[in-house]
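*Asks:* Any chance you can model this:
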Amino acid sequence: MRSRQQITKSSAQGGKIAVACARSLSCDAAIKMIDIGGNAVDAAIAAAFVAGVIEPMETTLAGSGFMLIQIPGQSEAVSVEFGPRAPLAATPDMFELDNDRKIDRGLGVSVVKNDANVQGARAAGVPATIRGLADAQEKYGRLTLSQVMQPAIRAAYDGFEIDNYYSLETLANLEALRIDPGASAVFLENGLPPCAPHLGGATLGEKKFLRQAALGKSLEHIAAKGVDVFYNGELGRAFLQTVSDLGGILTAADLAQCETKISPARSLRFRDTDIWVPNAPCGAITQLQILAIWQVLYPEGGPQMDTPDRIRDFAHACWHAFADRYHWLGDPDFVAVPEAGLTSIDYAAFIAQQIRNGATLLEPDKSNELPWEFYAKHAAHDPWAYDADTKKQNQWAPAGSTAPPAGTTHVSVIDADGMAVAITHTAANHFGSKVVCPRTGFLLDAAMGWFNAVPGAANSIAPGKRPLANMAPMLLTSNGIGMAALGAPGGRRIIAAVSQIAINLVERQMNAEQATQAPRYDASGSTLLLSERFTPIQSELPEFVEKIRFVSEQHEGFGYELARPNIAIRTADGRVEAAADPFSKGYAYAV
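*Replies:* Here you go, the predicted structure:
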């Protein structure tokens, strides 16, 4: 027997509002908005703007995302979608596959020649985050756009503290960051990763700050003049000039056509709770499919989630849902997607029966392919048989597939009245496309990496098409009152993590602290990833012995293997609580 570190992180509890973010500066911004008379929407959007400044290794304000809002007393949650979209000049064959590399980097990076779909100006999608946050704030917030942007402006000018994670991320992406002069000038020190104090920040190291004056100036312009100064004005023209100089394909038409879609969110009744997710192509349908299968497998629910039987069944539910994801999902505006079939109770019952009978999926392992490559060519099931709109049915048979990248942040906010907000936004890869526009300070994203780089698939590239993103924010409500706001960064691992948090809250009746600290697992790829806390029951999962990989929780402060959820909940007595994953540097505040 060996010793094992036991890590905990307390939640934050209050009577007015609770916030969970990846960084303390984002939480500070949220609380400031409440202090000056804002609501939960103002708080969440201010935090999201700050995150877009201080988390370049995860996100950018020239990126994309999704937002969910529950307004107390309304029967439906609202989905605010500013998701990724391909430029109008994009083509299905614009990237050349690299067939010499078979890589699962955990975060899932598409494998094309020179990594051109995740690095460089051609990797950038239409920047939608600024438009989306501003539109949501105008419609649902109390404050002005200028007010909610002030913390982000200050963060750009004053800088954020460089920590060990930032230093390691710049080191991991050093070669790519050095290629672009703008990125090198902003994120490196004389071409090298900045070294954070690591022997003791109190006395044995001097704090370093990363300042972004050009970005701060751009945000000031937007705060003063509105978002059109970027989408139809001088800032946008400056941004596009850099894109053009570097060989990118974004144009003025892409910015002018960028719009936010606001509509009722997609829902599932799970036990006695309504679950709400975005409508757009993202992690949402896969989450609902996993939860629907789980609800059929265990109709009685119950407090257990960490027994061998339940681990086994949840893993199989995930593998079935991800097999469908890799084959069927894409932008329904461009291709036929059996959305109703995938989330129907009858289809969930069919999958559940397959799991009970011990039926195995088609095995990608036997073809020496990664799951997203294999299932793009092979349908595991036929969800169209459970979809009423079968006249639109398509069968996909592309030559191969690619998996999307990662690099994401999340904000969860809830107030005592039951207004709940969840925002996930991203650069689509660590440091986006590793290109910074020196004229505006904006980091370009890598949204093209979410597409299948092979033509002929549901998620293949097309002009103006939305790729299948991994982002998957979620709200839990009861009788029109927000009970929880959930989300996480973590690439494709977000989907299972947020689903498990929902189960922890609804079925297991956990509070926010317990729900985030409970050990998790993931079955989105070729392996079954288990928290190292499950090591004692390994012998009870003999059929998975070749697939199991244990995830260390020893000082893994920024690991993505089990995602990094942060949540905010409203308790039965009307108080609020927020919690962040204990193995991350997330923060939770409450007042």
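*Asks:* What degree of burial does P332 show, as a neighbour count?
*Replies:* Under the neighbour criterion other Cβ atoms under 10 Å, P332 is assigned a count of 16. The C-beta positions use only the backbone N, C-alpha and C, and glycine is treated the same way.
*Asks:* I meant A352, not that one.
*Replies:* 22.
*Asks:* you'd agree it is up against I293?
*Replies:* Yes: the pair A352 / I293 is scored as a contact, 5.4 Å apart, by Cβ atoms under 8 Å.
*Asks:* what sits in contact with each of those two?
*Replies:* Residues touching both A352 and I293 (Cβ atoms under 8 Å, 6 or more residues apart in numbering) are A317.
*Asks:* what sits opposite A578 in the beta ladder?
*Replies:* Using DSSP bridges, the beta-bridge partners of A578 come out as A12, A568.
*Asks:* give the contact list for it.
*Replies:* A578 makes contact with 11-12, 18-20, 412, 414, 512, 566-569, 588-590, according to Cβ under 8 Å, 6+ apart.
*Asks:* Can you tell me how far S263 is from A86?
*Replies:* 21 Å (Cβ to Cβ, to the nearest Å).
*Asks:* quick one, which of the two is more surrounded?
*Replies:* Higher neighbour count among S263 and A86: A86, with 28 against 13, using other Cβ under 10 Å.
*Asks:* list the contacts for that one?
*Replies:* Here A86 is in contact with 125-126, 447-448, 451, 461-467 (Cβ under 8 Å, 6+ apart).
*Asks:* one more time with 10 Å
*Replies:* 92, 94, 124-126, 249-250, 254, 331, 334, 447-448, 450-451, 461-467 (Cβ atoms under 10 Å, 6 or more residues apart in numbering).
*Asks:* Look up phi and psi at it.
*Replies:* With angles defined as degrees, to the nearest 10, A86 sits at phi -70, psi 150.
*Asks:* Select the longest helix from the protein.
*Replies:* When the chain is parsed with DSSP state H, its longest helix is helix 308-328.
*Asks:* Counting by contacts, list what the strand or helix carrying I69 packs against.
*Replies:* Secondary structure from DSSP states H and E places I69 in strand 64-70. On a contact count with 3 or more Cβ pairs under 10 Å, 6 or more residues apart in numbering; DSSP states H and E, strand 64-70 meets helix 40-54, strand 78-82, helix 129-140, strand 273-277, strand 408-415, strand 420-426, strand 474-478, strand 481-486.
*Asks:* What residues sit buried inside the helix or strand that comes right after the third one?
*Replies:* Note on helix 129-140: by DSSP H and E, the next helix or strand toward the C-terminus is helix 145-158. By 16 or more other Cβ atoms under 10 Å, the buried positions in helix 145-158 come out as 145, 147-157.
*Asks:* swap in stretch 436-445?
*Replies:* 436-437, 439-445.
*Asks:* Touching, M57 and Y560? I think so.
*Replies:* No: under the criterion of Cβ atoms under 10 Å, M57 is not in contact with Y560, lying 11.5 Å apart.
*Asks:* what is in contact with those two at once?
*Replies:* Here M57 and Y560 share the contacting residues 407, 430, scored by Cβ under 10 Å, 6+ apart.
*Asks:* ok, back up a step: of the contacts of A578, closest to P383?
*Replies:* I567 (30.0 Å; Cβ to Cβ).
*Asks:* which residues does that closest one contact?
*Replies:* Going by Cβ under 10 Å, 6+ apart, the list of residues near I567 reads 11, 18, 20, 410, 412, 414, 422, 474, 476, 484-488, 498, 501-502, 504-505, 512-513, 515-516, 577-581, 586, 588.
*Asks:* Just the pLDDT for it.
*Replies:* Per-residue pLDDT puts I567 at 98.
*Asks:* Number the chain from 592, please
*Replies:* Okay, residue one is now 592; in that scheme the one you just asked about reads as I1158.
*Asks:* What separation do you get for it and C873?
*Replies:* Taken as Cβ to Cβ, the span from I1158 to C873 is 18 Å.
*Asks:* do V834 as well
*Replies:* 25 Å.
*Asks:* Between these two, tell me which one has more neighbours.
*Replies:* Between V834 and C873, C873 has the larger neighbour count (other Cβ under 10 Å), namely 29 against 21.
*Asks:* need the contact list for the more buried one.
*Replies:* Neighbouring residues of C873 by Cβ under 10 Å, 6+ apart: 655-657, 672, 674-675, 920, 1015, 1041, 1057-1064, 1085-1086.
*Asks:* distance of it from M1065?
*Replies:* For C873 relative to M1065 (Cβ to Cβ), the value is 11 Å.
*Asks:* Run through the chain and note the low-pLDDT ranges.
*Replies:* 592, 693-701, 957, 981-983, 985-997, 1146-1148 (pLDDT under 70).
*Asks:* number of nearby residues for N823?
*Replies:* Neighbour tally, N823, other Cβ under 10 Å: 15.
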